[in-house]
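**Q** sequence and predicted model, in that order:
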Amino acid sequence: MTQEDYRQKLVDRIENTFHVWKEKESISEAELYLFLHSLKGTSGTFGMEELSIFCSGQLNILSANNELKIPVHTLNNLKKRILQYIKDTDENSHYKLLEIPTYKFDVKTSVLIIDDDLEFVSYVKEFLESMGAQVIIALNAKRGVEQFYSVRPSFVLIDINLPDMTGFQVLSQIAKTAQARHVTIAVMSVDDSKENRIMALEKGAMDFISKPLDDEIFIAYLINRDKMRKEIEISVITDGLTGIGNRRYFDDMSVYFVESYARAGISFSLVMLDIDHFKKVNDAYGHPAGDNVLRKLGEIALEECRETDHAFRYGGEEFAFLLQGASADESIFFVNRIREKFNATVFQELNSEFSVTFSVGISSYKGDLKELVSSADKALYEAKRNGRNQTVIYNENTSQMNRKLHIILIDDDRLIRTMLAEKLEKWVLSDIDVMIHVFADGPSFLKSNWYCPEEYYIILLDRIMPEMDGLEVLELLKRDTNKRNVLVSMMTARTKESDIEAALSLGADDYIMKPFQPADVLFRVQQLATRILLK
């Protein structure tokens with residue numbers, strides 16, 4: 001809008017307000033205070049400094065809480081003075097709009113303005129939209145809170161004085177969520193008293209902006225906070241090592257893809273990728289070499305992703321890709337492009353050269369996000385079981401895709417073995433096959449053909465046993481550093497604190513104090529299972 005448009009909107013508002021008041025015959029002092037309070041901020045922002053100063057002087061002699069009635073006919077001179085200030089300002093060309101800066105917001109930037117001053121918010125809205133932002137207006141607190149949770153804005157600007165509650169009360173309802181989402185909140189008010197500033201910060205606002213707006217300060221503020229927001233967003237959603245999305249960003253984008261599917265029927269597939277024998281790279285060449293491998297895979301992933309594809313470091317050496325509009329079969333072409341480049345890469349470390357491969361599981365979304373992740377994970381597990389360096393598409397008719405978790409009890413006390421086995425056998429996981437094995441001593445366990453590289457193990461190991469001490473068994477287990485899919489918990493008497501120290505120094509992953517209840521042991525096993533299955 002032009003300068004004249006804004007001037008006329010303000011005049012129309014003033015005329016309408018006095019018309020409504022005239023029909024009421026009288027208004028409270030508090031109503032008049034709120035009107036002048038709003039007018040001060042709007043007129044000052046529009047460049048009408050004389051009117052803003054006049055309103056400020058009137059506010060000094062009024063009370064925001066006084067319900068004393070004022071006859072409307074006594075306000076005629078006040079109306080004339082206000083309109084004269086607007087006329088004089090227009091004639092003297094003091095009235096000005098903010099100059100639009102060259103800085104532009106990105107398309108994702110959205111600003112929620114919670115303020116009942118329609119002329120002011122319309123003005124700020126037009127200004128922000130000229131900088132590329134999406135602007136949402138709420139003229140009362142209730143609507144503002146609703147919009148905050150439904151729109152998920154980047155910025156929130158809240159006026160203190162709202163028709164249904166204060167801006168501070170709005171802050172109390174949204175501040176915690178805003179902090180978790182890294183949303184910038186600023187409180188705005190004509191009353192920039194120390195008390196209001198402190199209250200705004202204590203309630204969770206990041207900034208306090210005084211009305212009327214100072215154009216240069218407001219522009220500098222917006223640019224500063226937007227740059228900070230972008231840096232935070234990048235750090236929050238990006239894996240620092242590989243430069244692709246992190247696990248948190250994967251979770252957010254998965255929900256977005258599901259919403260797109262529900263809203264517009266846009267299909268997508270999930271690719272789960274795991275680097276083969278990654279621990280051997282770290283053990284042979286050191287962790288910096290492993291980091292180079294991860295970085296290279298991230299670099300290739302970014303090269304091969306379309307605009308609608310998203311790459312993530314899911315955890316450790318596991319990567320994930322969300323491919324919009326791609327079926328499981330079509331996703332293979334994407335995987336093959338990455339595989340061709342990655343497998344051909346020769347890494348050089350410690351005067352040696354080596355190459356690395358990866359395994360992949362693919363699944364297409366069928367209406368259940370949890371099932372999508374589980375099925376892709378099962379397909380990945382099958383690819384590793386079948387020899388690695390290959391891609392498997394999930395097939396619900398394939399029965400061998402569940403991961404296998406073995407819980408091994410090694411204790412010479414038959415009663416304890418039986419009691420724990422009965423308790424653990426009742427534990428069921430939806431997509432994990434849990435198997436219980438019992439051994440009366442260490443030698444019989446070590447001689448058994450118990451280990452498979454593609455399966456998972458939790459070993460409950462008694463400290464004192466005949467023939468071979470529990471610490472000896474532990475030392476032998478931890479000597480083989482390739483068995484990263486094995487966790488060991490030492491079971492020892494409460495009076496033997498030295499046993500705990502010895503077990504931990506040998507690499508025990510946990511310990512359980514005797515005597516114990518079977519339910520306590522199950523809880524500890526469940527914690528260990530979460531730890532090993534999410535590696």
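**A** Here it is on my side, so go on.

**Q** for the stretch 51-200 of the chain, what spans make up the helices?
**A** 76-91, 118-130, 141-151, 167-181, 194-203 (DSSP state H, counting those that start in this stretch).

**Q** can you pull the phi and psi angles for Trp450?
**A** Taking degrees, to the nearest 10, you get phi -90, psi -20 for the backbone angles of Trp450.

**Q** for Ser193, grab the count of nearby residues.
**A** Ser193: 9 surrounding residues under other Cβ atoms under 10 Å. Placement of C-beta: from N, CA and C, glycine included.

**Q** sorry, back to before: what's the closest of the helices of the stretch 51-200 of the chain to Glu233?
**A** Closest to Glu233 of these is helix 167-181 (Cβ to Cβ; 10.1 Å).

**Q** how distant is that closest one from the center of its chain?
**A** In terms of Cα atoms, centre = their mean, to the nearest Å, the centre of helix 167-181 is set 16 Å apart from its chain centre.

**Q** buried set for it?
**A** 167-168, 170-171, 173-175, 178 (16 or more other Cβ atoms under 10 Å).

**Q** and the angle for that helix with helix 141-151?
**A** Calculated by axes from the mean of the first three to the mean of the last three Cα atoms, to 10 degrees, helix 167-181 forms an angle of 10 degrees with helix 141-151.

**Q** helices or strands next to helix 167-181 in the packing?
**A** Secondary-structure packing of helix 167-181 (3 or more Cβ pairs under 8 Å, 6 or more residues apart in numbering; DSSP states H and E): helix 141-151, strand 155-159, strand 184-189, helix 194-203.

**Q** element containing Tyr6, please.
**A** helix 3-24 (DSSP states H and E).

**Q** after that helix, which helix or strand is next?
**A** With DSSP H and E, the next secondary element past helix 3-24 is strand 26-28.

**Q** hang on, the earlier thing: deepest of the helices and strands packed on helix 167-181, which one?
**A** Mean neighbours per residue, mean count of other Cβ atoms under 10 Å, is largest over these for strand 155-159, with a mean of 26.

**Q** pretty sure Glu425 sits against Ile436.
**A** Yes. Assessed by Cβ atoms under 8 Å, Glu425 is found in contact with Ile436 at 5.4 Å.

**Q** now the strands for the stretch 201-350 of the chain?
**A** 207-210, 268-275, 309-315, 318-324, 347-349 (DSSP state E, counting those that start in this stretch).

**Q** quick one: strands adjacent to the first one?
**A** Right, the one you point to is strand 207-210. Strand pairing for strand 207-210, using DSSP bridges, gives strand 184-189 (parallel).

**Q** avg pLDDT for the strand it pairs with?
**A** For strand 184-189, the mean per-residue pLDDT is 94.

**Q** if we can go back for a sec, tabulate the helices of the stretch 51-200 of the chain in CSV, adding columns for mean pLDDT and distance to Val187.
**A** Shown next, in CSV, are the helices of the stretch 51-200 of the chain (pLDDT from 0 to 100; distance: least, Cβ to Cβ, whole Å):
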stretch, mean pLDDT, distance to Val187
helix 76-91, 77, 26
helix 118-130, 80, 15
helix 141-151, 89, 12
helix 167-181, 92, 6
helix 194-203, 94, 4
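
**Q** looking at those, which is nearest to Leu297?
**A** Using Cβ to Cβ, the nearest of these to Leu297 is helix 167-181, at 29.8 Å.

**Q** what angle sits between the closest one and helix 194-203?
**A** 40 degrees.

**Q** lowest confidence element among the helices and strands of this structure?
**A** helix 76-91 (a mean of 77; mean pLDDT, DSSP states H and E).

**Q** who's in contact with that one?
**A** 4, 7, 10-11, 14, 18, 39, 43, 47-48, 50-51, 54, 58, 95 (Cβ atoms under 8 Å, 6 or more residues apart in numbering).

**Q** angle of it against helix 3-24?
**A** 180 degrees.

**Q** how far does helix 76-91 sit from its chain's centre?
**A** For helix 76-91, the distance to the chain centre is 51 Å (Cα atoms, centre = their mean).

**Q** farthest-separated two in the contacts of helix 76-91?
**A** Across the contacts of helix 76-91 (Cβ to Cβ), the longest gap, 26.1 Å, separates Glu4 and Gln58.

**Q** between those two, which has more neighbouring residues?
**A** Gln58 (18 against 10).

**Q** so how far is Tyr33 from that one?
**A** Per Cβ to Cβ, to the nearest Å, Gln58 is found 9 Å from Tyr33.

**Q** cool, Thr17 as well?
**A** 13 Å.

**Q** of those two, who's got more company?
**A** Applying other Cβ under 10 Å to Thr17 and Tyr33 shows that Tyr33 carries more neighbours, namely 19 against 16.

**Q** so where's the stretch 351-500 of the chain uncertain?
**A** 397-401, 481-482, 494-496 (pLDDT under 70).

**Q** can you pull out the helices in it?
**A** Under DSSP H, counting those that start in this stretch, the stretch 351-500 of the chain gives helices at 369-385, 414-425, 442-447, 470-479, 497-505.

**Q** tell me which of the ones you listed sits most buried.
**A** Comparing the helices of the stretch 351-500 of the chain by mean count of other Cβ under 10 Å gives helix 369-385 as most buried, with a mean of 21.

**Q** which strands and helices lie in contact with that helix?
**A** Helix 369-385 packs on helix 247-264, strand 268-275, strand 358-364, strand 391-393, strand 403-410, going by 3+ Cβ pairs under 8 Å, 6+ apart.

**Q** and the contacts of it?
**A** Here helix 369-385 has contacts from 254-255, 258, 270-274, 276, 359-366, 390-396, 398, 400-403, 430-431, 454, using Cβ under 8 Å, 6+ apart.

**Q** how does the protein divide into domains?
**A** Per automatic domain parsing, the structural domains of the chain span 3-91, 110-236, 247-393, 403-533.

**Q** now do the second one: distance from first to last residue.
**A** Right, domain 110-236. The straight-line separation of the ends of domain 110-236 (Cα to Cα, to the nearest Å) is 18 Å.

**Q** is Phe208 bridged to anything, and to what?
**A** Where Phe208 sits in a bridge, its partners, by DSSP bridges, are Val187.

**Q** tell me the contacts of it?
**A** Contacts for Phe208 (Cβ under 8 Å, 6+ apart) come out as 186-189, 192, 196-197, 200-201.

**Q** OK, contacts around the residue lying closest to Lys341 once chain neighbours are set aside?
**A** Using Cβ to Cβ, 6 or more residues apart in numbering and skipping residues adjacent in sequence, the residue nearest Lys341 is Ile300, 4.9 Å away. Residues counted as contacts of Ile300 (Cβ under 8 Å, 6+ apart) are 338, 341-342, 345.

**Q** tell me the one of those residues nearest Trp450?
**A** Out of these, the member with the shortest distance to Trp450 (by Cβ to Cβ) is Phe342, at 33.4 Å.

**Q** and for the closest one, the neighbour number?
**A** Quick note: Phe342 (other Cβ under 10 Å) scores 21 neighbours.

**Q** which residues sit in contact with it?
**A** Contacts of Phe342 by Cβ under 8 Å, 6+ apart are 296-297, 300, 356-358.

**Q** run the last query once more with 7 Å
**A** 297, 300, 358 (Cβ atoms under 7 Å, 6 or more residues apart in numbering).

**Q** just Val111 next, same as before
**A** 128, 133, 135, 153-155, 157.
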